[in-house]
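Participant: heads up, no residue letters with this:
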DNA sequence: TTTT
DNA sequence: TTTT
């Protein structure tokens, strides 16, 4: 069993940083990867690939990447599913990043000098979890949590508007 | 822009072989890739990754792989979306295989001796397309098409039960 | 900066297991990966790729793989160089495996049930080092070390007959 | 059998462009890929990985990349060996690039607008060959060839100073 | 025999 | 200096 993904593309918007109730950082972002070929209409399309990264590197991603940034991702494909608002099962495929590489030339005026960001330790499972929770969780607690951490909680799922609302303990990558 | 995926896993069921109205073969299958780490309940989960392959290798896949077969995939992540039956946009992420490797020891009694299957020529776009069509196509024509080709048309989307029904000209990988 | 390699192939001979003076296990093996295309003479050649794995997974490799075994490797390319016996610099390119996957169907009579082998933890550098040492080290000490560990020390470099003899403290992957 | 490499790094010098006697372009370059971890001395080392690309993309590489350029490579590891000047067999491991991605921000004043470079078509073997020839070929013919093509022939192997001098018909990637 |  |  092998599962390896390498991507280079640009962020479609600023990364979202959240924290699990236990305070573990998790960042999500979508990478637009332009295809290397054109479709029948002669247009060069792109793939929009949802990515997740945990822990310290999640904070680095939030600090150093923004909409339009060129970034590389080394990780694994993970799938999960949850029950949508309409009771239908929703299937999600996303990339769990083990490392994120900042490929943007360091902004001349900026402070950033770290140049890449490593994810969950291998050996230790770097695995998955749902950074948005099952859609049915009590969000009160996290809301506080989030406020304590000084970042704004999202009410929209950054990925695909699928109505998921929160992250939970089960999202811990182990 | 880079986009590369390598997977090794087992087919969750027999591959589905279809043909576009123009007679281009396309096979779809789902690979179960066991994770290398356990979750908090100590269970080793799997990821279920939808894969698509076009042309001659699609027929090889249909001929040589079946439910449970161990296979390797080298390809790209592609995303697409379509309007679901309920009018909601459905987002799909799947792997466009450029090659599929048969890792099962050759069945002693079998005929197969080819050992791997190459996808769309690089250089030529190996690109995407929706092997199930946009969900709104007229399926009469393909049904005939399919009968001509001597294989049974599916009425269920093999991937995620998303109500898509058919493949169309637009699915051609170029 | 990104560096990712995924291989599936067969061991050209039994893996070599050694230990650093500090007792860290390191296994080396060569993977024969058949090419998917034929040369101008119509022959299908192979690439012979030297691989290194450290620590516990090194012992798993030594226990579960042998000449001819089908295995998958996920890792990084590393390069190093040393002074050959003739005073010329020798350049070496090899794959540092982070995980090795055993793809051989479990031998019916055998004992093996573990099915893959994980390398150095990411986050922690899984990095390089020379599993054979610089060619100039005192080998007395290691010989004892090795005897303590109950395996036979090699006097030949399994890779490229390059006259390197031993592994040293500097080989520790961190 | 699978063999996939993805690299992002910087060119250690300008790429070398040559032509086979049949006029097929081949470019070689070395990518410095900084490691993501530090060694025991606390230094962050790099791997220096030799890459080869054929045909039209070889010319793109020669036109758009230079020493220090950030580039991505998607390809395969290939190995070959030849008899060195001292009669000893020399083993070479290099990456046959199928595509090279130019990750440098487009130089404001420059002409380049193509943004990546695709190698030999898959399906067709994109395979190997020795971009420097076997070391024993008659170089007269190529010299003319090269002059016809309007580029300067190298007398030094850019990779490893291994005394190889020329490229031949056998290098054609099919 | 190395890149920023 | 190679595997099935």
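Facilitator: That came through, no problem. On a predicted model such as this, the values are computed, not experimentally measured, just so you know.
Participant: for chain A, give me the ranges with low pLDDT.
Facilitator: A:107-115, A:120-174 (pLDDT under 70).
Participant: which parts of it are strands?
Facilitator: A:2-11, A:16-19, A:25-34, A:46-54, A:70-83, A:89-102, A:116-118 (DSSP state E).
Participant: out of those strands, which gets nearest to DNA strand E?
Facilitator: Of all the strands of chain A, strand A:116-118 sits nearest to DNA strand E, with 11.2 Å by Cβ to the nearest atom of the strand. All C-beta spots, glycine's among them, are computed from the backbone N, C-alpha and C.
Participant: is chain C within reach of that closest one?
Facilitator: Yes. Strand A:116-118 comes into contact with chain C (Cβ under 8 Å from any Cβ of the partner chain), by way of A:116, A:118.
Participant: how many neighbours does the closest residue to residue A:75 other than its chain neighbours have?
Facilitator: Using Cβ to Cβ, 6 or more residues apart in numbering or on different chains and skipping residues adjacent in sequence, the residue nearest residue A:75 is residue A:97, 4.1 Å away. The tally of other residues near residue A:97 (other Cβ atoms under 10 Å in any protein chain shown) stands at 31.
Participant: residue A:97 reaches residue A:50, doesn't it?
Facilitator: No. Residue A:97 is beyond contact range of residue A:50, at 10.5 Å (criterion: Cβ atoms under 8 Å).
Participant: what residues are up against whatever residue of chain A ends up closest to chain D?
Facilitator: Closest residue of chain A to chain D, Cβ to the nearest Cβ: residue A:6 (4.2 Å). Counting by Cβ atoms under 8 Å, 6 or more residues apart in numbering or on different chains, residue A:6 touches A:72, A:73, A:74, B:2, B:3, B:4, C:2, C:4, D:6.
Participant: change it to 7 Å
Facilitator: Contacts for residue A:6 were tallied using Cβ atoms under 7 Å, 6 or more residues apart in numbering or on different chains; they are A:74, B:2, B:4, C:2, C:4, D:6.
Participant: cool, residue A:33 as well?
Facilitator: Counting by Cβ under 7 Å, 6+ apart, residue A:33 has contacts A:7, A:9, A:46, A:47, A:49, B:1, B:3.
Participant: ok, what's across the strand from the nearest residue to it once chain neighbours are set aside?
Facilitator: Of all residues not flanking residue A:33 in the chain, residue A:9 sits nearest, at 3.6 Å (Cβ to Cβ, 6+ apart). As for beta bridges, residue A:9 partners with residue A:71 under DSSP bridges.
Participant: tell me how far the residue nearest to residue A:101 when sequence neighbours are not counted lies from residue C:3.
Facilitator: Computed as Cβ to Cβ, 6+ apart, the closest residue to residue A:101 that is not its neighbour in sequence is residue A:72, at 3.6 Å. Residue A:72 sits 11 Å away from residue C:3, going by Cβ to Cβ, to the nearest Å.
Participant: repeat that for residue A:118.
Facilitator: Residue A:118 is 13 Å from residue C:3, by Cβ to Cβ.
Participant: what is the neighbour count of the residue of chain A at minimum distance from DNA strand F?
Facilitator: The nearest approach of chain A to DNA strand F comes at residue A:2, 17.8 Å away (Cβ to the nearest atom of the strand). Residues near residue A:2, counting by other Cβ under 10 Å, number 23.
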